[in-house]
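J.: Mind folding the following:
(4 chains)
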Protein chains: 2
Amino acid sequence: MARRDVLDLAVLGLLHDAPLHGYELRKRLAGVLGPFRALSYGTLYPCLRQLLERGWVSEQHPVAPVRRGRIVYQLSAAGKEHFEALVADGGPTTWDDESFGVRLAFFARTQSSVRLRILEGRRSRLEERLEALGAALARSRERADAYTLELQRHGLESVQREVRWLGELINAEQASRTTDPLPRQTDHTPT
Amino acid sequence: MARRDVLDLAVLGLLHDAPLHGYELRKRLAGVLGPFRALSYGTLYPCLRQLLERGWVSEQHPVAPVRRGRIVYQLSAAGKEHFEALVADGGPTTWDDESFGVRLAFFARTQSSVRLRILEGRRSRLEERLEALGAALARSRERADAYTLELQRHGLESVQREVRWLGELINAEQASRTTDPLPRQTDHTPT
DNA sequence: TTCGTCATGTAATGGGTTACATGATTAC
DNA sequence: GTAATCATGTAACCCATTACATGACGAA
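T.: Numbering: from 1, shown residues only, chains lettered A, B, ... in the order given. The predicted structure is shown next:
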């Protein structure tokens, strides 16, 4: 998922629940993207305009007496379709750093097979990272000072914990799959 | 520290140890900035040129028989000075996400008082974040689905661990300060 | 001689932040 | 009435990535 698609997914996903205006949308976005790195209006409004141009959302301007006020955005049928398409994507870019969190935030509306694929992709991505970090740490062991070493050690540990966490999520996912087997899901599970 | 200064610090710091050419520099930079997000040549070379223009480094071009080859960069006296200035900075921007890691990587050449200031600044930054995350989690508890909740829970836990880690570093720092008291350090410790 | 890696560099592009500008609404 | 917050929007800027182009050097 390209950077752009991730934002689209987040916005369309939020509008999926209820129509919202930009200002409110931004606040909710913080809940999806994380309370920090909430995006600026300089990003959000141009993004909304583009969604409008593509016909994925419709605007509702304030009524007569008001000159300026809340502009409420609502998901269109085409927008709903596009959201479904985005949420069905289980490609390699879905487990990138920038995508994964947002994808997870919309897991409730993602097919179980896709969820599993994303979780496993994310885990093996982090496992690669673990190897790289381990190698870097080994190389540093003798050359680097205590601070650098400590930084690398802590980084390594964080990734290890995240791998374990993903393992738990994957187990839970698989358990629920055997419990309530999904209909119409021809199985071409990866990895 | 502005984004730009962080890069300068990283590059000057590496050249402080030994003269290097761009290609090698980039690899070492990966050790400082983290093995991922190693920066591209499209960033590095323009950066080096600017360091050159500012007189902080000097280049050494390959000798006669070769038309093109390694260009070795070496820290100048002015560059060394600038590095010292950067490393002496203990301002609020030093514990930003983008700065902190690099600052820590050069802690061995940072005054103890500045180290402590940065560590404590970083910790309180993360403690604020903890509060925000806790509040978000509390708000979500009833509205959000299990996946979102789990994501937030894990995020919260990661930050908690990092706060604890910083606490240990701070303790170690304070212990070493009482052990070997530094000369010429008028004490206006913050927080 | 050809492949892979080392090595330097530029131009186009993308995308986000900052700063700014404006106006509506609410609370005091 | 006035301050704070809600709300929308634009333009300038920053800066990193991507894609591309070039060329040296060593090994197979």
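J.: Could you tell me which helix of chain A is the longest one?
T.: In terms of residue count, the longest helix belonging to chain A (DSSP state H) is helix A:146-179.
J.: what about that one, near chain B?
T.: Yes: against chain B, helix A:146-179 shows contacts by C-beta under 8 Å from any C-beta of the partner chain at A:146, A:147, A:148, A:150, A:151, A:154, A:155, A:158, A:161, A:162, A:165, A:169. The way it works is simple: take the backbone N, C-alpha and C, and place the C-beta from them, glycine included.
J.: Give me the packing partners of that helix, helices and strands only.
T.: Secondary-structure packing of helix A:146-179 (3 or more C-beta pairs under 8 Å, 6 or more residues apart in numbering or on different chains; DSSP states H and E): helix A:112-143, helix B:97-105, helix B:146-179.
J.: Kindly provide the whole-number mean pLDDT of the first one.
T.: For helix A:112-143, mean pLDDT is 91.
J.: Give me the buried positions along that helix.
T.: Of the residues in helix A:112-143, those buried by neighbour count under the rule 16 or more other C-beta atoms under 10 Å in any protein chain shown are A:112-123, A:125-126, A:129, A:132-133, A:136-137, A:140.
J.: chain center to the longest helix of chain A: distance?
T.: Averaged C-alpha coordinates place helix A:146-179 at 18 Å from its chain's average position (C-alpha atoms, centre = their mean, to the nearest Å).
J.: between that helix and helix A:112-143, how many degrees?
T.: Following axes from the mean of the first three to the mean of the last three C-alpha atoms, to 10 degrees, one obtains 160 degrees for the angle between helix A:146-179 and helix A:112-143.
J.: Let me know the angle separating helix A:146-179 from helix B:97-105.
T.: Relative orientation of helix A:146-179 versus helix B:97-105 (the same axes, to 10 degrees): 130 degrees.
J.: what about residue A:9, distance to residue A:15?
T.: Relative to residue A:15, residue A:9 is positioned 11 Å away (criterion: C-beta to C-beta, to the nearest Å).
J.: Give the buried subset of the residues of helix A:146-179 next to chain B as a PyMOL selection command.
T.: Provided next is the PyMOL selection string for whichever of these are buried by 16+ other C-beta under 10 Å:
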select buried, chain A and resi 147+148+150+151+154+155+158+162+165+169
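J.: what would the residues of helix A:146-179 next to chain B look like in CSV with pLDDT and distance to residue A:85?
T.: Below are the residues of helix A:146-179 next to chain B laid out as CSV (pLDDT from 0 to 100; distance: C-beta to C-beta, whole Å):
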residue, pLDDT, distance to residue A:85
A:146, 92, 50
A:147, 92, 47
A:148, 91, 45
A:150, 94, 45
A:151, 93, 41
A:154, 95, 39
A:155, 93, 36
A:158, 95, 33
A:161, 98, 33
A:162, 97, 28
A:165, 98, 28
A:169, 97, 24
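J.: and which of the residues of helix A:146-179 next to chain B is nearest to chain B?
T.: The shortest approach to chain B among the residues of helix A:146-179 next to chain B belongs to residue A:147, at 3.9 Å (C-beta to the nearest C-beta).
J.: where are the low-confidence patches of chain A?
T.: For chain A, residues meeting the criterion pLDDT under 70 lie at A:64-67, A:180-191.
J.: Please identify which residue in it comes closest to DNA strand C.
T.: Of all residues in chain A, residue A:42 sits closest to DNA strand C, with a separation of 2.5 Å (C-beta to the nearest atom of the strand).
J.: secondary structure class for that residue?
T.: What DSSP: H, G, I helix; E, B strand; the rest coil gives for residue A:42 is helix.
J.: any idea how far residue A:26 is from DNA strand D?
T.: Residue A:26 sits 7 Å away from DNA strand D, going by C-beta to the nearest atom of the strand, to the nearest Å.
J.: my read: that residue touches residue A:43, true?
T.: No: at 9.3 Å, residue A:26 does not count as touching residue A:43 under the criterion of C-beta atoms under 8 Å.
J.: of those two, who's got more company?
T.: Legend: neighbour count by other C-beta atoms under 10 Å in any protein chain shown for residue A:26 and residue A:43, higher for residue A:26 (18 against 13).
J.: how about the more buried one, what does it touch?
T.: Taking C-beta atoms under 8 Å, 6 or more residues apart in numbering or on different chains as the contact definition, residue A:26 lies against A:38, A:39, A:41, A:44.
J.: Surely the third one is in contact with residue A:22?
T.: Yes: proximity of residue A:41 to residue A:22 meets the contact threshold set by C-beta under 8 Å, at 7.2 Å.
J.: what sits up against stretch A:81-88?
T.: If you take C-beta under 8 Å, 6+ apart as the criterion, stretch A:81-88 is touched by A:1, A:5, A:8-9, A:12-13, A:16, A:54, A:56, A:75, A:106, A:109-111, A:114.
J.: Flag every residue of chain A that's near DNA strand D.
T.: If contact is defined as C-beta under 7 Å from any atom of the strand, the residues of chain A in contact with DNA strand D are A:21-24, A:40-42, A:45-46, A:48-49, A:68-71.
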